[in-house]
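Q: Take this sequence and fold it.
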Amino acid sequence: MSTPEAFQMTWRYDSWIYYYDLNKLTVLDYFKHSPFYDATCNNEVVLQQGGSTERIYEMEGLYYEPDLKTSSQDPTYFMIRKLHRERRPGGGGRGGAGRFRDRLLALYYVLGQGPGRGTVFALPDLHSVLRYNLSTSLHYANSAFQVLRERVKYNRGKHYTWDHSDRPENKNQELVQAASSSSSSRCHHHP
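A: As a prediction, the model looks like this:
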């Protein structure tokens, strides 16, 4: 799958959006300018050879295709799939349809309308989402245990005790006491 950094990156080509219409038929042409696009893919090979785009489905390797079904149902965004086509062991069925197997490598979505129109986002896969959430949770749990470790005191007679000297309630009480003592020292009663 893609790198975690790719999921935090977005891309937009303002000049292209200004001059051309972004729709389900042009979204792949737009996407080709993005840093997410691999120029060594089968789409480029077929384009350079001047062949039909249908030839992509007869080739092994990396290719991109827009999800026309999704964009027909909801024109506010477009989906682009990054796929790797490989031969099935044993050759598959007749007519070539069963000879290949597609493996999804990444999904991208492109905003089709609104102020962010044309912005491309990489969708994280489930593994990346779980890894990120787990590492974030572990970071905060580790930070909490470090704070606890600093506050615990061990005394042979009393066992463990906790240092609560800098708790927010104690700081608030100290501030209130300081404020009241300073205001009472400033107030002088005149008869």
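Q: so where's the protein uncertain?
A: Residue ranges of the chain with pLDDT under 70: 1-6, 91-97, 158, 166-191.
Q: quick one, helices of it?
A: 14-19, 27-31, 42-49, 68-73, 126-151, 168-186 (DSSP state H).
Q: Out of those, which one sits most buried?
A: helix 27-31 (a mean of 19; mean count of other Cβ atoms under 10 Å). All C-beta spots, glycine's among them, are computed from the backbone N, C-alpha and C.
Q: which strands and helices sit next to it?
A: The contact analysis (3 or more Cβ pairs under 8 Å, 6 or more residues apart in numbering; DSSP states H and E) places helix 27-31 against strand 61-66, strand 77-87, strand 100-111.
Q: can you list those strands in JSON lines and add distance to residue 145 and mean neighbour count?
A: Conversion of the helices and strands packed on helix 27-31 to JSON lines gives the following (distance: least, Cβ to Cβ, whole Å; neighbours: other Cβ atoms under 10 Å):
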{"stretch": "strand 61-66", "distance to residue 145": "44", "mean neighbour count": "18"}
{"stretch": "strand 77-87", "distance to residue 145": "40", "mean neighbour count": "18"}
{"stretch": "strand 100-111", "distance to residue 145": "36", "mean neighbour count": "16"}
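Q: Dump those to a markdown table, plus distance to residue 7.
A: A markdown table is the format used below for the helices and strands packed on helix 27-31 (distance: least, Cβ to Cβ, whole Å):
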| stretch | distance to residue 7 |
| --- | --- |
| strand 61-66 | 18 |
| strand 77-87 | 13 |
| strand 100-111 | 10 |
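Q: Residue 160: which of the ones you listed is closest?
A: Among these, the nearest to residue 160 by Cβ to Cβ is strand 100-111 (50.3 Å).
Q: Out of the helices of the chain, which gets nearest to residue 117?
A: Using Cβ to Cβ, those put helix 14-19 closest to residue 117, at 6.2 Å.
Q: ok so, going back, of all the helices of the chain, which lies closest to residue 116?
A: Per Cβ to Cβ, nearest to residue 116 of the helices of the chain: helix 14-19, 10.4 Å.
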